[in-house]
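S.K.: I would like the atomic coordinates for the input below:
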Amino acid sequence: METSLISVKYGLATETQFARHGVASLETAKNEHAIIVKPSPPDPRSSQRTVTTVDPITIITHHEPVIDAENSNRFSFELEGLNGSNGAIGDLQSWELDEIKWHIVQTTKTTQPACEKHRLASLSDLGRVMRIRDTQVLAKCGIKDGWALDGTAGNSKANMGFDYTIKNRQPQKDRPGFACDNKWAGGFEISHRLHVWFCLSLERSQSAKKGFAERVMRGSYDVILADPTSKDLDWGPHVPPTYEEVGGSPPDYHDDEP
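M.R.: Numbering: from 1, shown residues only. Sure, this is the predicted structure:
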């Protein structure tokens, strides 16, 4: 695993010392083999639902808390209250969804010993280390159509489900790739978030002073990036098999009479 701040590798190293015939000195043979370690994803894996209201619009979203690094992941939403009347001036207004943007952001946190210049006066552990944070966008996309409109004139709705993934992310030269979520002692941590922007435009009736306005509503969701093979592993408790009608152990052997 390698990110912009952290590089973690697992391996098996062996060292053998031997002496050749007729030679007093020892020779050493070393061998190293990399080991691929894939962490198991946490449970539960059920879809999460969030509700956000910014008057007069309500956003209802569904997303998977554990996402796959190699396959597509589903995100669905519903916007309510897109049209109605402004009670203050009795003006009819209608919000229209123009575009949806999403980003998958990876955040890497680590610590390192602070130098004399930046070391705090305090003698506590907090003053002896520097906390470093790096953020990079793993994947992003914009969607300008595909949602469905439904509802009456007083309560119009827009709903849609789309897939997002990072599998098509092209590796950049001299830049590390992505890593699965993990956390180690000492302040090392890798986490991911899904950011979704809903870009809307408002159209008012002719009686309004302004005929056009814009609004951008953003949702931020914690997601856990997992290895695709580790998602299929079952880490639940297992009950050992029960054997019935089993004879005594060890068996009793008798010599046969001639």
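S.K.: state the distance from Q136 to T111.
M.R.: Going from Q136 to T111 by CB to CB, to the nearest Å gives 19 Å. Using the backbone N, CA and C atoms, a C-beta is placed for each residue, glycine as well.
S.K.: can you check G142 too?
M.R.: G142 is 36 Å from T111, where distance means CB to CB.
S.K.: who has more neighbours out of those two?
M.R.: The neighbour comparison of G142 against T111 (other CB atoms under 10 Å) goes to T111, with 16 against 10.
S.K.: could you list the low-confidence segments of the stretch 1-150 of the chain?
M.R.: 1-8, 37-45, 84-91, 117-127 (pLDDT under 70).
S.K.: the strands in it, which residues?
M.R.: 11-18, 27-34, 48-54, 57-63, 66-68, 73-80, 83-86, 91-113, 129-143, 148-152 (DSSP state E, counting those that start in this stretch).
S.K.: out of the ones you listed, which one sits most buried?
M.R.: Burial of these is given as mean neighbour count (mean count of other CB atoms under 10 Å); strand 66-68 ranks first at a mean of 20.
S.K.: partners of that one in the sheet?
M.R.: Strand pairing for strand 66-68, determined by DSSP bridges: strand 212-226 (parallel).
S.K.: tell me which residues in the strand it pairs with are buried?
M.R.: Residues G219, Y221, V223, I224, L225, A226 are the ones in strand 212-226 that count as buried (16 or more other CB atoms under 10 Å).
S.K.: identify the bridge partners of V105.
M.R.: V137, R193.
S.K.: wait, it touches I190, no?
M.R.: No. When contacts are counted by CB atoms under 8 Å, V105 is not listed as touching I190 (11.6 Å).
S.K.: switch the strands of the stretch 1-150 of the chain over to JSON lines; also include distance to H195.
M.R.: Putting the strands of the stretch 1-150 of the chain into JSON lines (distance: least, CB to CB, whole Å) gives the following:
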{"stretch": "strand 11-18", "distance to H195": "36"}
{"stretch": "strand 27-34", "distance to H195": "34"}
{"stretch": "strand 48-54", "distance to H195": "13"}
{"stretch": "strand 57-63", "distance to H195": "12"}
{"stretch": "strand 66-68", "distance to H195": "14"}
{"stretch": "strand 73-80", "distance to H195": "11"}
{"stretch": "strand 83-86", "distance to H195": "27"}
{"stretch": "strand 91-113", "distance to H195": "5"}
{"stretch": "strand 129-143", "distance to H195": "9"}
{"stretch": "strand 148-152", "distance to H195": "23"}
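S.K.: out of those, which comes closest to E214?
M.R.: Among the strands of the stretch 1-150 of the chain, the nearest to E214 by CB to CB is strand 91-113 (8.3 Å).
S.K.: the closest one versus strand 129-143: what angle between them?
M.R.: Comparing the axes of strand 91-113 and strand 129-143 via axes from the mean of the first three to the mean of the last three CA atoms, to 10 degrees yields an angle of 150 degrees.
S.K.: how much space separates the closest residue in space to Q112 that isn't next to it in sequence from P113?
M.R.: Spatially, and ignoring its direct neighbours in sequence, Q112 is nearest to M130 (5.6 Å; CB to CB, 6 or more residues apart in numbering). M130 is 8 Å from P113, where distance means CB to CB.
S.K.: what of I59?
M.R.: Computed as CB to CB, the I59 to P113 distance reads 44 Å.
S.K.: with W147 instead?
M.R.: Going from W147 to P113 by CB to CB gives 51 Å.
S.K.: got a list of what the residue nearest to Q112 touches?
M.R.: Listed by CB atoms under 8 Å, 6 or more residues apart in numbering, the contact partners of M130 are T111, Q112, P113, A114, H118.
S.K.: quick check: beta-bridge partners of the first one?
M.R.: When you say that, I think you mean T111. The bridge-partner assignment for T111, based on DSSP bridges, gives R131.
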